[in-house]
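Participant: My questions are about this predicted structure, shown below with the sequence.
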Amino acid sequence: MNQILGVAADEWRYWRRSHLALGGAIVFLILVISTSLLNMLRIDAETHARSQNQTQAEDTFRAQPDRHPHRMVHYGHYVFRAPAPLAIFDPGLDFVTGQSIFLEGHRQNTAMFAESSSSADFGGLSYLSPALIYQLFAPLIIILLAHGAIVREREAGMLVSLLSLGLTGSRLLLGKGLALLSFIVILLLPLVLTCLFAVARGETFSAVLSLFGAYLAYLLLWGVIALWFAAIVHKRGTALAALTGLWFVMTLILPSVAVNIASNKAPVAGKIETDLALLAEQRGLGDGHNANDPAFAQLRAELLAKYGVQRLEDLPMNFRGLVATSAEEKLTTVLNEYAEKRMAGEVHQEQILINHAWLTPSLAISFVSRSLAGTDLAHYHRFQKEAEALRFSFVQGLNRAHAEKVSYEDDINRNKSEASWQRVRVSAANWQVLGAYQFQTASLSDRISTSLFSLRILLIWLLAFLCLFLWSGWRIKP
């Protein structure tokens with residue numbers, strides 16, 4: 001053990017003399033800290049703005065005056081997705097997915113207002129998140145430090161002396177690895193500080209510990225890869241060129257290729273194509289604004305027979321409100337089918353992309369990071385589903401008020417005079433059917449479950465190269 005610690009101390013002395021560790025760490029820490037601060041400021045501002053907008057939207061809806069309930073169906077309501085606490089570290093898909101949805105009757109709108117202007121606000125650094133820096137640039141610094149760890153001793157002729165003094169190749173490599181591990185821990189300190197800030201904003205300690213563990217495994221993997229190359233290659237230039245090329249392929253080329261493959265293998269229908277197909281199907285459901293539409297003839301007959309009356313005016317409820325309720329239910333079923341189909345297509349694309357993590361650990365850590373941070377596709381889909389459930393709930397609540405609190409006769413004659421129009425207005429107390437909404441990050445168990453496949457791939461990568469690393473230690477020769 002003393003030999004391993006001695007090798008690690010010697011490695012740190014070499015780094016200090018060459019200024020590699022100090023220079024690389026300072027540049028990296030400045031980059032991480034600056035982007036972390038920018039993200040903290042941005043997330044705090046967005047959290048406050050979205051919370052305020054959500055409260056204002058709910059208050060504005062409930063404060064509307066007495067009016068016809070169907071007017072409120074079309075008046076609509078906004079819901080906003082609050083950023084996850086760990087979005088300060090990994091914004092994930094938040095930059096490209098919408099953050100709010102307008103809810104209204106007869107429609108299922110998509111999320112909108114993605115942060116397309118943020119790059120102008122922060123001079124282009126907004127998309128350079130701390131997570132991206134760790135995924136892309138931290139491996140480069142590790143490569144810079146570790147590529148010559150063993151080959152340097154070989155080129156200087158020191159390897160023969162070290163081995164002749166009784167130091168085995170395994171202990172030499174473990175000592176170098178211990179020094180690199182300590183350096184990796186230093187690189188992860190900004191992540192720790194960012195995670196503590198997320199805990200202060202409501203994140204669980206277990207979640208941030210899981211995120212720290214995932215990035216520790218990822219950086220350890222690159223450290224093991226770099227030391228393995230340093231042990232089997234005989235020239236520093238060759239080791240540096242090979243490792244840099246490997247980094248370029250794994251972090252830049254393969255992820256881009258994987259995205260293109262996923263898009264081509266599992267194309268998702270565009271909005272225009274989907275809207276045209278949906279419109280064609282909607283025509284057969286009937287017009288909820290027209291009580292005389294043939295699609296509701298059976299409903300009319302059943303109600304007249306049930307209550308033993310001949311006229312719609314004699315029903316104990318407003319037939320037009322019942323038609324609106326029935327039409328909304330049928331339409332929502334169809335809308336949900338299309339939404340589920342679209343989401344299934346996006347999940348299929350994502351799964352194809354995740355499968356390419358067997359080719360590069362960069363994809364594995366990116367999926368694990370987004371899942372644990374609560375900024376992945378699963379959270380975006382849950383936001384859409386929760387928003388739709390709220391939309392259907394308050395629209396149907398208004399439709400019930402239409403059916404129960406407005407007479408059919410008044411409803412069909414509402415445009416004859418001002419007095420007729422006043423009679424179909426209902427109390428603003430009915431607008432309380434709108435429930436409060438606040439988007440919450442999924443539980444840690446759900447997030448881990450979502451990221452488990454990618455996490456396993458990452459750990460398999462690490463285990464495989466650890467075996468190569470240990471094997472190469474036994475074969476180190478001058």
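Facilitator: Sure, I can see it. Remember, predicted model here, so these are calculated numbers, not experimental data.

Participant: From here on, just use CA atoms for contacts and neighbour counts.
Facilitator: Will do.

Participant: mind listing what's buried in the helix or strand hosting residue 471?
Facilitator: In this structure, residue 471 sits in helix 444-474 according to DSSP states H and E. By neighbour count on 16 or more other Cα atoms under 10 Å, the buried set for helix 444-474 is 444, 447-448, 450-451, 453-455, 457-459, 461-462, 465-466, 469-470, 472-473.

Participant: so what's the backbone phi/psi at the most centrally placed residue in the chain?
Facilitator: For the chain, residue 376 is the residue whose C-alpha lies nearest the centre (Cα atoms, centre = their mean; 1.9 Å). Dihedral angles of residue 376 (phi, psi; degrees, to the nearest 10) stand at phi -100, psi -180.

Participant: cool, residue 103 as well?
Facilitator: phi -100, psi 130.

Participant: so who does it touch?
Facilitator: Shown in contact with residue 103 (Cα atoms under 8 Å, 6 or more residues apart in numbering): 76-79, 109, 387-388, 391.

Participant: Select from the residues you listed every entry located in helices.
Facilitator: Per DSSP state H, helices hold the following members of the contacts of residue 103: 387-388, 391.

Participant: of these, buried ones?
Facilitator: Neighbour-count burial (16+ other Cα under 10 Å) applied to these gives 387-388, 391.

Participant: if we can go back for a sec, residue 258: which of the contacts of residue 103 is nearest?
Facilitator: Distance ranking of the contacts of residue 103 against residue 258, using Cα to Cα, places residue 109 first at 29.7 Å.

Participant: separation between the closest one and residue 30?
Facilitator: 42 Å (Cα to Cα, to the nearest Å).

Participant: Check residue 216 too.
Facilitator: Counting by Cα to Cα, the gap from residue 216 to residue 30 is 20 Å.

Participant: Neighbour count for the two, which is higher?
Facilitator: residue 216 (16 against 12; other Cα atoms under 10 Å).

Participant: check contacts around that one.
Facilitator: With contacts defined as Cα under 8 Å, 6+ apart, residue 216 is in contact with 184-185, 188.

Participant: Please indicate which of the residues you listed are buried?
Facilitator: The buried subset of those - by 16+ other Cα under 10 Å - is 184, 188.

Participant: mind checking the SS state of the residue lying closest to residue 451 once chain neighbours are set aside?
Facilitator: Spatial nearest neighbour of residue 451, chain neighbours left out: residue 368 (5.0 Å); criterion: Cα to Cα, 6 or more residues apart in numbering. Put simply, residue 368 is helix when judged by DSSP: H, G, I helix; E, B strand; the rest coil.

Participant: Pull the contacting residues for residue 368.
Facilitator: 214, 451-452, 454-455.

Participant: Among those, which one sits closest to residue 321?
Facilitator: Nearest to residue 321, judged by Cα to Cα, of these is residue 451 at 45.7 Å.

Participant: how far away is residue 177 from residue 230?
Facilitator: If you measure residue 177 against residue 230 using Cα to Cα, the figure is 11 Å.

Participant: I misspoke; the intended subject was residue 366.
Facilitator: Counting by Cα to Cα, the gap from residue 366 to residue 230 is 27 Å.
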